[in-house]
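Asks: My questions are about this predicted structure, shown below with the sequence.
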Amino acid sequence: MEQTRPSILIAGGGTAGWMTAAALSRFATGHDIVLVESEAIGTVGVGEATIPQIHLFNGALGIDEAEFLRETKGSFKLGIEFDGWLREGDAYMHAFGAIGRGAGLLPFQHYWLRARKLGLAKPLQRYSLNELAARTMRMQRGRRAPGSPEMPYAYHFDAGLYAAYLRRYSEARGVTRHEGLIASVQRDGESGDIASITLDDGRVLSADFFIDCTGFRGLLIEGALETGFDDWTNYLPCDRAMAVPCAGGGDFTPYTRSTARRAGWQWRIPLQHRIGNGMVFSSAHMGEDEAASILLANLDGEAQGDPRPIRFRTGKRRLHWNRNCLAIGLAAGFMEPLESTSIHLIQSAISRFLAVLPSGKPGQAVIDHFNAQADFEWTRIRDFLVLHYTANQRTGEPFWDAVRNMELPATLTDKIALWREAGFIPREHEELFTEVAWFQVFAGQGVEAEGHNPIADTMAEADLRNLLDGTEAALVEEVRAMPRHIDCLQQTISATKEPA
Ligand SMILES: Cc1cc2nc3c(=O)[nH]c(=O)nc-3n(C[C@H](O)[C@H](O)[C@H](O)COP(=O)(O)OP(=O)(O)OC[C@H]3O[C@@H](n4cnc5c(N)ncnc54)[C@H](O)[C@@H]3O)c2cc1C
């Protein structure tokens with residue numbers, strides 16, 4: 001007798017839906033995968049900056065980098081510049097990769113903190129390969145010398161083209177796509193699980209498992225299952241965005257720029273064919289008209305259309321996985337793109353799901369474990385974002401005064417206290433942002449550490465000076481030998497397909 005294969009239905013075909021479909025088509029080959037999306041509804045249409053973990057996703061799918069960059073009009077990204085976040089006119093970078101090197105037993109920050117007290121330390125950017133390269137528009141793929149680590153980088157890309165690319169990938173691997181509007185969701189009368197969805201033309205699609213990628217709507221996870229939402233607006237009060245692409249112009253920077261504005265911030269993401277721009281802001285402090293005019297007044301080139309408003313609520317579903325339904329992407333929740341984390345959260349949900357892929361009815365222990373991991377990941381990212389806001393010195397601006405004085409989550413208060421007291425940055429479990437990431441934002445946002453590890457005091461002052469100056473000189477030399485970002489990109493794009 002022929003055995004039926006377990007089936008998974010993905011509702012929604014934005015970045016989340018097609019990333020999920022692509023990964024399942026590659027790894028869940030014993031399952032039937034169906035995706036439903038509605039062109040009439042469309043996608044959120046933003047989401048263009050990533051973090052280096054994207055390599056793991058594309059790599060697992062066997063995607064060729066040159067082809068990917070060609071298809072998505074992508075560019076390289078070495079970090080994020082925060083302009084005006086501490087105060088107007090001040091800028092720092094959260095660059096990917098290490099800061100400093102050869103610091104012996106302790107993380108570099110302790111030597112830097114001591115050197116600062118002695119007046120020997122320069123700003124952090126002098127000890128960051130990625131930032132030095134980014135600021136001089138340089139970039140290198142691969143190893144710079146035998147045995148040297150590769151320069152960590154991420155991508156900027158056109159999210160719509162990425163989804164289209166992954167759609168072709170998925171359909172070539174057997175994913176069935178249905179065009180149509182989901183009109184209703186049916187639950188099993190006995191178990192309460194989702195049984196099927198009905199499209200507005202009357203088609204009924206049933207499956208064993210459902211993945212909700214319907215965006216902010218959360219048609220299955222919330223609409224049908226009423227899972228509930230943890231609202232984090234008290235920590236991250238921005239609730240609106242205005243987005244507009246513009247013609248390229250100015251510098252083709254290998255980094256994302258985030259510029260603080262009166263009641264929020266503006267993003268700038270350079271792609272091959274245009275620059276992605278947007279304003280994220282708090283509607284309690286600024287109207288859409290003002291946000292749009294600030295945005296339009298600060299573009300590198302001519303706007304390609306009118307700014308498009310997007311409304312959101314920051315927070316996450318109380319459960320990402322509820323019964324036989326998993327929410328991925330905006331259906332699972334949203335945190336503003338300050339550190340480009342949403343696409344990463346999609347990929348990490350996919351990889352956690354693949355690790356426990358249910359072949360029948362998923363057990364509660366697996367579901368609880370998944371949700372606990374998601375909670376941890378989301379709350380730690382939230383804390384990192386909140387740090388950027390709370391540590392501002394933009395006094396006299398109502399929005400910035402409010403976020404400076406907000407009550408902080410205890411997890412963040414603890415982290416700040418450890419830094420202030422001892423220059424100590426513990427990285428717990430598998431939290432996304434490393435010590436180096438926190439270090440850069442602490443330093444960039446002017447959060448002073450009073451202490452440092454006394455082991456750093458055992459280094460003679462002359463050695464400390466040599467450590468810092470030697471590191472800087474070596475990095476400057478390395479960067480000088482790198483090609484320009486634009487040349488590196490062009491060379492990569494014109495490369496022929498690399499063997500699988
Ligand atoms: C302002 C802003 C800026 C962002 N910037 C970044 C960034 O720089 N980096 C980053 O990593 N992330 C960013 N993000 C997040 C990123 O855009 C999303 O994580 C990503 O696009 C995934 O969206 P999604 O697929 O979950 O939802 P959507 O793109 O909204 O897709 C939803 C899908 O569901 C379908 N659908 C909905 N309802 C129905 C229905 N009734 N019937 C059938 N189909 C339906 C739609 O047609 C669509 O296919 C940003 C988000 C916002 C709001």
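Replies: Good, I have the coordinates.
Asks: List the contacts of residue 241.
Replies: Neighbour list for residue 241: 46, 278-281, 309-310, 312, 336 [criterion: CB atoms under 8 Å, 6 or more residues apart in numbering]. C-betas here are computed from N, CA, C, even on glycine.
Asks: correction: residue 374
Replies: 316, 320-321, 332, 349, 352.
Asks: got the contacts of residue 241 as a markdown table, with secondary structure columns?
Replies: Converted to a markdown table, those look like this (DSSP: H, G, I helix; E, B strand; the rest coil):
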| residue | secondary structure |
| --- | --- |
| 46 | coil |
| 278 | strand |
| 279 | strand |
| 280 | strand |
| 281 | strand |
| 309 | strand |
| 310 | strand |
| 312 | coil |
| 336 | coil |
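Asks: Hmm, residue 262 and residue 282 touching each other?
Replies: No. Applying CB atoms under 8 Å, one finds residue 282 not in contact with residue 262, separated by 10.0 Å.
Asks: Overlap in contacts, these two.
Replies: In contact with both residue 282 and residue 262: residue 399, using CB under 8 Å, 6+ apart.
Asks: Identify the bridge partners of residue 49.
Replies: Here residue 49 sits in beta bridges with residue 156, as judged by DSSP bridges.
Asks: residue in the stretch 401-500 of the chain nearest to the ligand?
Replies: Of all residues in the stretch 401-500 of the chain, the one sitting closest to the ligand is residue 432 (12.2 Å; CB to the nearest ligand atom).
Asks: for the stretch 101-250 of the chain, same thing?
Replies: When distances are taken as CB to the nearest ligand atom, the stretch 101-250 of the chain approaches the ligand most closely through residue 215, which lies 2.6 Å from it.
Asks: again with the stretch 301-450 of the chain
Replies: With CB to the nearest ligand atom as the measure, residue 329 is the residue of the stretch 301-450 of the chain nearest to the ligand, at 2.4 Å.
Asks: Now do the contacts for that residue.
Replies: Contacts for residue 329 were tallied using CB under 8 Å, 6+ apart; they are 12, 14-17, 213, 215, 342, 345-346.
Asks: picking up where we left off before, tell me which two of the contacts of residue 374 sit farthest apart.
Replies: For these, the farthest-apart pair by CB to CB is 316 and 352; their separation is 14.5 Å.
Asks: okay, those two: which has more neighbours?
Replies: Under the neighbour definition other CB atoms under 10 Å, residue 316 and residue 352 were set side by side, and residue 316 has more, 22 against 18.
Asks: Looking at the contacts of residue 374, which are in helices?
Replies: With helices taken from DSSP state H, the overlap with those comprises 349, 352.
Asks: Now do the same contact list for the residue nearest in space to the middle of the chain.
Replies: Among the residues of the chain, the smallest C-alpha distance to the mean C-alpha position (CA atoms, centre = their mean) belongs to residue 341, namely 1.8 Å. Residues in contact with residue 341 (CB under 8 Å, 6+ apart) are 51, 335, 381, 432.
Asks: residues touching the first one, list them.
Replies: So the one you mean is residue 51. For residue 51, the residues meeting the contact criterion (CB under 8 Å, 6+ apart) are 96, 154, 339-341, 344.
Asks: Next one: it from the ligand, what distance?
Replies: Using CB to the nearest ligand atom, to the nearest Å, we find residue 51 at a distance of 8 Å from the ligand.
Asks: what about that residue, distance to residue 78?
Replies: 11 Å (CB to CB, to the nearest Å).
Asks: Residue 63 looks like it's in a helix, true?
Replies: No. Counting by three-state DSSP, residue 63 falls outside a helix, being coil.
Asks: out of everything not next to it in sequence, what's closest to it?
Replies: Computed as CB to CB, 6 or more residues apart in numbering, the closest residue to residue 63 that is not its neighbour in sequence is residue 169, at 7.6 Å.
Asks: what pLDDT does the residue of the stretch 401-500 of the chain closest to the ligand get?
Replies: For residue 432, the model assigns a pLDDT of 96.
Asks: pLDDT of stretch 450-466, averaged?
Replies: Averaged across stretch 450-466, pLDDT comes to 95.
Asks: Only the buried residues of that stretch, if you could.
Replies: 452-453, 456, 459, 464 (16 or more other CB atoms under 10 Å).
Asks: thought residue 415 was touching residue 425?
Replies: Yes. Under the criterion of CB under 8 Å, residue 415 is in contact with residue 425, at a separation of 7.4 Å.
Asks: If you count surrounding residues, which of the two has more?
Replies: Under the neighbour definition other CB under 10 Å, residue 415 and residue 425 were set side by side, and residue 415 has more, 22 against 19.
Asks: Now do the same contact list for residue 303.
Replies: Remark: with contacts taken as CB under 8 Å, 6+ apart, residue 303 is in contact with 244-246, 296.
Asks: residues in the stretch 251-400 of the chain within reach of the ligand, list them.
Replies: Within the stretch 251-400 of the chain, the positions adjacent to the ligand are 278, 310, 312, 329-331, 337, 340, 342-343 by CB under 6 Å from any ligand atom.
Asks: now for those, which pair is the farthest apart?
Replies: Every pair of those checked by CB to CB; the farthest is 278 and 331, at 20.9 Å.
Asks: chain center to whichever helix in the chain runs longest, what's the gap?
Replies: Among the elements of the chain assigned as helix by DSSP H, the one spanning the most residues is helix 364-390. Using CA atoms, centre = their mean, to the nearest Å, we find the averaged C-alpha position of helix 364-390 to lie 14 Å away from the chain's own average C-alpha position.
Asks: again with stretch 339-355
Replies: Between the centre of stretch 339-355 and the centre of its chain there are 9 Å (CA atoms, centre = their mean).
Asks: ditto for stretch 45-62
Replies: Relative to the chain's own centre, stretch 45-62 is displaced by 9 Å; criterion: CA atoms, centre = their mean.
Asks: Compute the first-to-last residue distance for that stretch.
Replies: Across its full length, stretch 45-62 reaches 25 Å end to end, with CA to CA, to the nearest Å as the criterion.
Asks: Over to stretch 446-456?
Replies: According to CA to CA, stretch 446-456 extends 21 Å from its N-terminal end residue to its C-terminal end residue.
Asks: remind me which residues of the chain are low pLDDT?
Replies: Where the chain drops to pLDDT under 70, the residues are 1-3, 102-103, 147, 497-500.
Asks: now the helices for it?
Replies: Defined through DSSP H, the helices belonging to the chain, from first to last, are 15-27, 54-61, 65-72, 108-117, 129-135, 159-172, 288-297, 342-355, 364-390, 398-404, 410-422, 435-444, 461-480, 485-493.
Asks: who touches stretch 344-359?
Replies: 6, 15-16, 19-20, 23-24, 27-28, 30-31, 50-51, 53-54, 56-57, 60, 208-209, 320, 326, 328-329, 332, 362, 366, 369-370, 373-374, 377-378, 381, 432.
Asks: Could you rerun that using 6 Å?
Replies: The set of residues external to stretch 344-359 that reach it, using CB atoms under 6 Å, 6 or more residues apart in numbering, is 6, 16, 19-20, 23, 27-28, 51, 53, 57, 328-329, 366, 370.
Asks: any idea how far it is from the chain center?
Replies: Relative to its chain's centre, stretch 344-359 lies at 17 Å (CA atoms, centre = their mean).
Asks: which ones are touching residue 80?
Replies: For residue 80, the residues meeting the contact criterion (CB under 6 Å, 6+ apart) are 94, 256, 258.
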